[in-house]
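Engineer: quick one, structure for this:
(one chain, ligands or ions: 1)
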Amino acid sequence: MIKKAYKYRLYPNKAQTTLLGKHFGCVRLIYNHGLAEKIKFYEQTGKSLSRYKIQAQLPVMKKEDRPWLAEVNAQSLQAALINLDRAFLNFFKHKMKFPRFKKKAGKQSFQVPQRGRIDFENGKLIIPKFQEGIRCKISRRFEGETKTFTVSKTATGKYFVSVLVETLDEVPEKKPITDAWTIGIDVGIKTFATLSTGEDVENPKFLKEELARLKVLQKRASKKKKGSANRRKAFRTVAILHEKIANRRNDFLHKLTHRLTSENQAVAIEDLNIAGMMKNHCLAQAISDVSWSEFFRQLDYKCEWTGTNLLKIGRFEPSSRTCDQCGKINRELKLSDRVWTCECGAKHSRDILAARNIKRFALADDNLKYIGKGLPESMPVDVTSLDGRLKQEA
Ligand SMILES: [Zn+2]
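Structural biologist: Coordinates of the predicted model:
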């Protein structure tokens, strides 16, 4: 069974907007309360406070000073604590950022883990506390069992629901891996990606101009007086442009990942440490990071849907400086050198070489054991010797 997410725009009426606002607020409050409790408990005891201990405080909080907590769906409050646990797990296990307190500004969301449904006939989302249904624009239907409903409000004030559905579709069998139908991808900042076939995938043209405009608007907004209506208005303009950029960028990524997964039997990428990259400063870089992580996320699930193999290799330092003809590593290569000629006479374009090496390395790597497919015996590429040489040089 394949899980798929379906997203619909919501049009709540006035009373529903207020009640949705209460849900966002209470979920944020419980999340932040849980985070504060966990930090306090850890500082006092050196141990981690379980979700159930925090959950047990909820009825008391409702009775005493926060009676309005009872107005929202209790399951959504519990889901917030489950998400908090997951954030801690990501921090400890996957070295992601320490969980942060949620702010009132920006995107808001809450989850409904059970007892929701989409009424396709009447175009409504039915969830607990909203029994009369929130008006919902049906763009496409789905079949299968609904798992989680995530209701969100964007920074520009639009409402959406994303429904996670366990569809009836079977997971397709993996395609065989062959050298001819494997593509290597090297992502970059100037060019979005370079493929082992030699093709450059450029960043969409609008991106550069829009990012420059975003920078100007952001600067202008942050100069406005704090708390003023002008400042609020200016930041809303920023949010609208931000949303527009994100939508167009996602559209570009969807087309690209669709093409890559439908045209190939295996896709080889470097397993970049996105969480680590997010720490950096400059805007263009930050947007690139977001694009890459979204690109990899889409590749991941589209590979699953289409039976395409996703081959990930670890960070492969000399991918742009290892000659794929003789295996020699060019240690003199500078970042500014876009092309170079190896001692053996082979001419290389840096990015294409990187993409080709990612492919070669992926086909030689242990990844193949992991996904349970062996190399076909007729494989013409001598990748093992390259691998051996790399280890010697390192
Ligand atoms: Zn060479």
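Engineer: ok and the residue in the stretch 101-250 of the chain nearest the ion?
Structural biologist: With CB to the ion, the shortest gap between the stretch 101-250 of the chain and the ion falls at residue 196, namely 17.1 Å. Backbone N, C-alpha and C define where each C-beta goes, glycine included.
Engineer: shouldn't that residue be in contact with residue 183?
Structural biologist: Yes - using CB atoms under 8 Å, residue 196 is in contact with residue 183, at 5.7 Å.
Engineer: what touches both of these two?
Structural biologist: In terms of CB atoms under 8 Å, 6 or more residues apart in numbering, residue 196 and residue 183 are both contacted by the residues 268, 359.
Engineer: and the residue minimising distance to the centre of the chain, what element?
Structural biologist: Residue closest to the average C-alpha location in the chain (CA atoms, centre = their mean): residue 294, at 4.2 Å. Here residue 294, judged by DSSP states H and E, is contained in helix 283-306.
Engineer: show the average pLDDT along that helix.
Structural biologist: Averaging pLDDT along helix 283-306 gives 79.
Engineer: next secondary structure element downstream of that helix?
Structural biologist: Next along from helix 283-306, by DSSP H and E: strand 309-313.
Engineer: may I have the strands that pair with the helix or strand immediately after that following strand in the chain, each with its orientation?
Structural biologist: Per DSSP H and E, the first helix or strand lying C-terminal to strand 309-313 is strand 339-341. If you go by DSSP bridges, strand 339-341 pairs up with strand 347-349 (antiparallel).
Engineer: and for residue 119, the neighbour number?
Structural biologist: 12 (other CB atoms under 10 Å).
Engineer: from what I see, it and residue 131 are in contact.
Structural biologist: No - if you go by CB under 8 Å, residue 119 and residue 131 don't touch, sitting 11.3 Å apart.
Engineer: and the helix or strand containing residue 162, how far from the chain's centre?
Structural biologist: Assigned by DSSP H and E, residue 162 belongs to strand 159-166. Relative to the centre of its chain, strand 159-166 is centred 16 Å away, using CA atoms, centre = their mean, to the nearest Å.
Engineer: tell me which residues in it are buried?
Structural biologist: Using 16 or more other CB atoms under 10 Å as the test for burial, strand 159-166 gives 159, 160, 161, 163, 164, 165.
Engineer: returning to that earlier point: wait, what's in contact with the residue of the stretch 101-250 of the chain closest to the ion?
Structural biologist: Counting by CB under 8 Å, 6+ apart, residue 196 touches 183, 184, 185, 268, 352, 355, 356, 358, 359.
Engineer: I figured the third one was touching residue 267, is that so?
Structural biologist: This means residue 185. Yes - between residue 185 and residue 267 there is a contact at 6.6 Å, judged by CB under 8 Å.
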